[in-house]
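> sequence and predicted structure below; questions after.
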There are 2 protein chains.
Amino acid sequence: MSNNLDFVAKLRNSGLRPTKQRIKICEILFGGKETFHFSINDLSKIIAQKTNEKISLATIYNTVHAFLGKGYLKQIAVNSEQSYYDTNVSDHHHFYDVDKDQLIDIHDSEVEPVKINRKIPGKKIKSIEVLVKLQNI
Amino acid sequence: MSNNLDFVAKLRNSGLRPTKQRIKICEILFGGKETFHFSINDLSKIIAQKTNEKISLATIYNTVHAFLGKGYLKQIAVNSEQSYYDTNVSDHHHFYDVDKDQLIDIHDSEVEPVKINRKIPGKKIKSIEVLVKLQNI
DNA sequence: AATCAGATTATAACTATTCTAAAGTAATAA
DNA sequence: TTATTACTTTAGAATAGTTATAATCTGATT
Ligand SMILES: [Mn+2]
Ligand SMILES: [Mn+2]
Ligand SMILES: [Zn+2]
Ligand SMILES: [Zn+2]
């Protein structure tokens, strides 16, 4: 449970001015015990619900992009309808519950390391992402 | 190298009328030796280039959706900018070259089977997709 | 040939996202 | 402190991918 001074420092350290809006978004994204996954729309709703003063959509997009660029957030490719983000920036894989439209972390201990036996000349691996789609039994 | 009668049969067998437009799209999608990956925009350009009479975007979307529903195409989640489709409907994984915005098949022989050691109650696995992002060295 | 369900199309509508440019705010200098 | 400046926020416009609408057309069937 970080306090706001931590967020101010975090923002300053990465060259972002600690504005009211950014600090509030930090609280929501990084102030809880658990990491979580969200869409911009999700985040916008959480903000609306936890805050009196509203934050514009443009600022939410700007801030999420800035945090992505700083490595404070990760983007998850689930489908092409919207972008999903993850406050868990460690390397890990996901279940995607297609019925509930929900991402669930798969810990590295829960999946055998993915071994790719092929090289592409001139290219190096940037990331390996496993997406396990789940549906109701 | 199928001929058009094959496509007519394929369409009829799945309850789709073999129209001029659908047959032309079949030729492009399934008439070559190799499978490939495409976006709607890609397909639209290929059609424009290989055809005198143009096919409307609405028909291209309709047809791709119909083929998806019949299992003639697979949808690949790469990013949230647009949808990508695959004429290779077998179970397989992908490289994604982020610099060239291009998908490359990974054959099952080139990757160790992905083993997930976790169950989610009430859910079953629908698919397991590995996306290996590549960048220039 | 007549009929009719299904298909195509232009175009409007929709949604997620990005852009714009004006007004506001935080950092810094004086 | 105040002035200056660069960065930030914001409403709203613009864009892009996609889906919906409704008129027209076409292929299958009688
Ligand atoms: Mn959601
Ligand atoms: Mn492309
Ligand atoms: Zn996660
Ligand atoms: Zn493929």
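It's in. Numbers count the residues shown, from 1 in each chain, chains lettered A, B, ... in the order given. Ligands and ions are numbered 1, 2, ... in the order given.

> for chain A, which spans come out with low pLDDT?
Within chain A, the ranges that satisfy pLDDT under 70 run A:1-2.

> what are the ranges of the strands in it?
Per DSSP state E, chain A carries strands over the ranges A:37-39, A:74-76, A:84-86, A:93-97, A:102-106, A:123-136.

> dump the residue contacts of the residue most central in space within chain A.
The residue lying closest to the centre of chain A (C-alpha atoms, centre = their mean) is A:Asp86, at 2.0 Å. Going by C-beta atoms under 8 Å, 6 or more residues apart in numbering or on different chains, A:Asp86 touches A:35-37, A:73-76, A:103. C-beta here means a position set from N, CA and C on the backbone, and glycine is covered the same way.

> now, of the residues you listed, which are buried?
A:37, A:73-74, A:76, A:103 (16 or more other C-beta atoms under 10 Å in any protein chain shown).

> can you put the residues you listed in JSON lines and add distance to B:Leu131?
Formatted as JSON lines, the buried ones among the contacts of A:Asp86 follow (distance: C-beta to C-beta, whole Å):
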{"residue": "A:His37", "distance to B:Leu131": "17"}
{"residue": "A:Leu73", "distance to B:Leu131": "18"}
{"residue": "A:Lys74", "distance to B:Leu131": "14"}
{"residue": "A:Ile76", "distance to B:Leu131": "10"}
{"residue": "A:Leu103", "distance to B:Leu131": "15"}
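
> in the longest helix that chain A contains, what's buried?
For chain A, the helix with the greatest residue count under DSSP state H is helix A:57-70. By 16+ other C-beta under 10 Å, the buried positions in helix A:57-70 come out as A:60, A:63-64, A:66-67.

> just checking, what packs against that helix?
Where contact means 3 or more C-beta pairs under 8 Å, 6 or more residues apart in numbering or on different chains; DSSP states H and E, helix A:57-70 is packed against helix A:20-30, helix A:40-50.

> what about A:Lys119, neighbour count?
Applying other C-beta atoms under 10 Å in any protein chain shown, we find 10 residues neighbouring A:Lys119.

> nearest residue to the residue nearest to the centre of chain A other than its sequence neighbours?
A:Lys74 (4.4 Å; C-beta to C-beta, 6 or more residues apart in numbering or on different chains).

> got it, and A:Glu110?
In space, and not counting its chain neighbours, A:Glu110 is closest to B:Arg118: 4.3 Å by C-beta to C-beta, 6+ apart.
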